[in-house]
Each structure stands twice: as structure tokens, then as C-alpha cells.
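Enquirer: Here is my input, please return the structure:
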Amino acid sequence: MERILIFNVNWLGDVLFSTACIRNIRRNFPDSFIACIIPSRCYPILKNNPHLDETIIYDEKDRHKGMLEKLRFVRFLKAKRFDAVFILHRSFTRALICRLADIPERIGYYTKKRGFLLTRKIIPPDRHSLHRIDYYLNLIEKAGLKCEDRYLEFFLSDEDEKSIDEFFKKYSLGKDDLLVGFNPGGNWIPKRWPREYWARLADELIDKFKAKVIITGGLSDITLARDIQAIMRQKPINVSGMFTLKQLAALCKRLDLFITADTGPLHIANAVNTKRIVALFGPTAPSVTGPYPTKNVTILQKDVGCQIPCYVVNCKDNRCMKAITVEEVVERVKDLAL
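Expert: Got it, this is the predicted structure:
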């Protein structure tokens with residue numbers, strides 16, 4: 001039996017985009033042992049994924065930060081005796097780890113620095129010309145694999161669903177309530193909508209639509225969520241820091257509307273078929289990192305004269321996000337006929 005390894009990427013959304021690649025690799029190697037390497041923060045994205053036999057954690061900036069730890073990881077991989085690896089990440093270090101682990105077939109996008117470490121050098125397309133899903137699928141297609149589809153997958157357990165049952169009971173939420181989720185956080189500041197906009201929007205939705213507004217977020221978003229709540233007139237349900245990513249997904253399945261920026265939870269909500277999603281885009285390009293499919297998604301983005309995508313993570317202006325007004329979002333919500 002052939003042993004296949006996938007060395008995945010680092011961000012929640014990108015790992016979720018890679019699920020199409022994982023599924024298509026499995027379809028090409030139905031009887032093989034397939035493992036995937038991801039950082040621990042992305043583990044929930046692939047937990048319970050039936051296309052994988054094993055998930056391996058590699059934390060480059062934490063437990064595997066030092067040279068000694070990396071060498072231990074190399075020995076660990078070498079003992080696994082993989083026959084081939086698809087390196088979705090473009091890093092030199094990951095290619096070197098696979099070479100030192102004596103994986104015979106090493107397939108990845110070519111760069112000048114790491115080309116000598118690859119046995120199958122795939123010429124990369126322009127990263128801004130393809131959606132991330134297609135960027136990863138292109139790698140395995142060019143390696144000779146057949147790709148039949150390009151949708152995302154996110155798998156929940158009964159326990160995840162039950163936790164949201166309990167949440168609904170605790171807050172007396174029912175089928176007749178208009179449930180609106182807010183995701184105000186984001187992995188970098190320029191992608192965030194101003195907190196005062198979120199507060200005004202929440203008050204508007206509660207006043208005009210009698211909505212039950214649920215503010216979500218991870219542990220790092222607790223202060224942001226509290227700040228939004230503090231400047232609101234009305235009272236939202238603040239669950240920031242309370243739910244795992246799996247539980248957030250189970251919640252999104254039951255929402256009538258989820259409003260979010262371009263960040264991991266946007267794609268999680270889309271993967272579990274949230275009824276309606278409003279995505280607020282600023283410095284990033286929907287054609288590259290936007291939700292897919294878009295049948296249930298409304299994307300709001302303004303042209304403020306900046307080059308898109310923009311990766312100035314220390315931008316002090318944030319005018320691309322500020323240009324999206326509360327009134328525009330409210331109008332879009334009206335158009336959705338919730």
C-alpha cells in the first residue's frame with residue numbers, strides 16, 4: 001500500500017480551501033494511507049475528515065521552532081516511510097524537511113531556492129490569477145492526478161451539534177427568531193470593519209428586524225467583542241471565546257445570516273451552508289480568497305483607489321473597510337428578504 005503525505009498550508013481559510021485538494025488526492029489513491037501535516041491551530045479544520053488516515057502537527061513557530069526540534073520532526077517523518085509528498089506550502093523549510101526525511105517523490109511548486117529539493121517541479125501560476133482552491137488543485141493536476149470537483153468540506157460531530165442545542169436552550173432561541181451572527185475579528189487588522197460600525201449595525205438589526213445578534217470570535221477576539229457590546233444601545237449575545245471552531249460551524253448552520261470579513265469563519269460558514277452570508281471585503285480579492293461557492297453569499301467591497309489585493313498589514317488608514325457603510329449593509333440585509 002502506497003503511503004502519501006500532504007504538507008499543508010498555515011491559515012484556517014487556506015487549509016479549508018485545501019480540503020478540495022485532499023478529497024481529490026484520496027479519489028486518485030483510494031487504497032493508500034494518506035496523512036496530512038498542519039499547524040495545531042488548523043487541526044479543527046481537518047478533524048473528522050474521512051479522506052485522511054492521520055493528521056500530523058507541525059508548529060514551526062512553537063513546538064518545532066528550534067533546529068533540534070525540527071531535526072526530531074525529520075526523524076519522526078522518516079520513520080513513517082512515506083512514498084510521496086504533495087507540498088502545498090511554498091516554503092523552503094518544508095521542502096527541506098521532506099528531503100531529509102527521505103521521502104522519494106517530492107511534488108511542489110518550483111521556486112529558485114527550493115527547486116533542487118523537489119523531484120516533481122511544478123511551475124506555479126500567478127498566485128493572484130487563481131482562487132486558492134484552484135491554486136492547490138492545479139498542483140496535483142499538473143502532477144498527473146485527476147480532479148473532479150472543487151468544493152470545500154467541514155465535518156461536524158454529534159457532540160458539536162449538541163453543544164449548540166444547549167446554547168439555544170440557555171438563551172431561549174427558537175425557530176421564529178431571526179438569528180444573525182457577527183464575526184468582527186480577523187487575522188490582520190486591515191481586514192477588520194471598525195468596531196463602532198459593528199455596534200451601529202447590531203443596534204439597527206435589533207431595532208428594525210427584531211434580530212437576535214450573536215457576536216462570535218476566538219479567544220483573541222474577546223476584548224474586541226466586549227468593546228462592541230459596550231458601545232451598543234441594545235443587548236447582543238456575546239459568545240466570543242466560548243466556542244471551538246467546530247461548535248462555531250454548528251452554530252452557523254442554524255443562523256439566518258452571518259456577517260463577517262474575509263477570514264477563516266467566513267469559509268467555515270460557507271462550507272456548512274449557512275443560509276445567508278454577507279462578506280465585507282477590503283484589502284483582499286474575492287476572486288482569490290473569497291467564498292466558494294457564492295450562491296448564498298453577498299460580497300460588499302468598495303474601490304478606494306488602492307491596489308487589490310493589498311498586503312500592507314500595518315496600514316494606518318483602513319479606508320477600504322471604512323468605505324463600507326452601516327447603511328449599505330442594512331440595505332443588503334433588507335434585500336435578502338430574511
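
Enquirer: And the one helix or strand residue 223 maps to, what does it pack against?
Expert: Assigned by DSSP states H and E, residue 223 falls within helix 222-230. Judged by 3 or more Cβ pairs under 8 Å, 6 or more residues apart in numbering; DSSP states H and E, the packing partners of helix 222-230 are helix 195-209, strand 212-215, strand 237-238. For the C-beta atoms, the positions are set from N, CA and C on the backbone; glycine is no exception.

Enquirer: Setting aside sequence neighbours, what's the nearest residue to residue 107?
Expert: residue 120 (4.1 Å; Cβ to Cβ, 6 or more residues apart in numbering).

Enquirer: same deal with residue 174?
Expert: residue 168 (7.5 Å).

Enquirer: ok but that neighbour is inside a helix, no?
Expert: Yes - under DSSP: H, G, I helix; E, B strand; the rest coil, residue 168 sits within a helix.

Enquirer: So what's the residue count around it?
Expert: 15 (other Cβ atoms under 10 Å).

Enquirer: chain center to the helix or strand encompassing residue 162, what's the gap?
Expert: Taking DSSP H and E as the criterion, residue 162 maps to helix 158-170. Distance of helix 158-170 from the chain centroid (Cα atoms, centre = their mean, to the nearest Å) equals 23 Å.

Enquirer: Now find how far off-centre the very next helix or strand once past that helix is within its chain.
Expert: Reading on from helix 158-170 to the C-terminus, the next helix or strand found by DSSP H and E is strand 179-183. A distance of 17 Å separates the centroid of the chain from that of strand 179-183, by Cα atoms, centre = their mean.

Enquirer: Residues in contact with strand 179-183: which ones?
Expert: Residues outside strand 179-183 that contact it (Cβ atoms under 8 Å, 6 or more residues apart in numbering) are 173, 198, 201-202, 205, 209, 211-217, 228, 236, 251-252, 254-261, 263, 265-266, 269, 274.

Enquirer: send the alpha carbons of that strand over as PDB?
Expert: C-alpha atoms of strand 179-183 as PDB (Å, rounded to 0.1, in the frame of the first residue of the first chain):
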ATOM      1  CA  LEU A 179     -30.600  34.700  14.200                       C
ATOM      2  CA  VAL A 180     -27.700  36.900  12.900                       C
ATOM      3  CA  GLY A 181     -24.100  36.100  13.600                       C
ATOM      4  CA  PHE A 182     -21.400  38.700  13.700                       C
ATOM      5  CA  ASN A 183     -17.700  37.800  13.200                       C
END
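
Enquirer: picking up where we left off before, in the helix holding residue 223, what's buried?
Expert: Within helix 222-230, the residues that count as buried by 16 or more other Cβ atoms under 10 Å are 224-225, 228-229.

Enquirer: cool, stretch 142-162 as well?
Expert: Within stretch 142-162, the residues that qualify as buried are 142-143, 145, 147, 150, 152-156, 160-161, counting by 16+ other Cβ under 10 Å.

Enquirer: Just these: which are in strands?
Expert: Among the buried residues of stretch 142-162, DSSP state E puts none in strands.

Enquirer: pLDDT weak spots in this protein?
Expert: For the chain, the stretches flagged by pLDDT under 70 are 1, 337-338.
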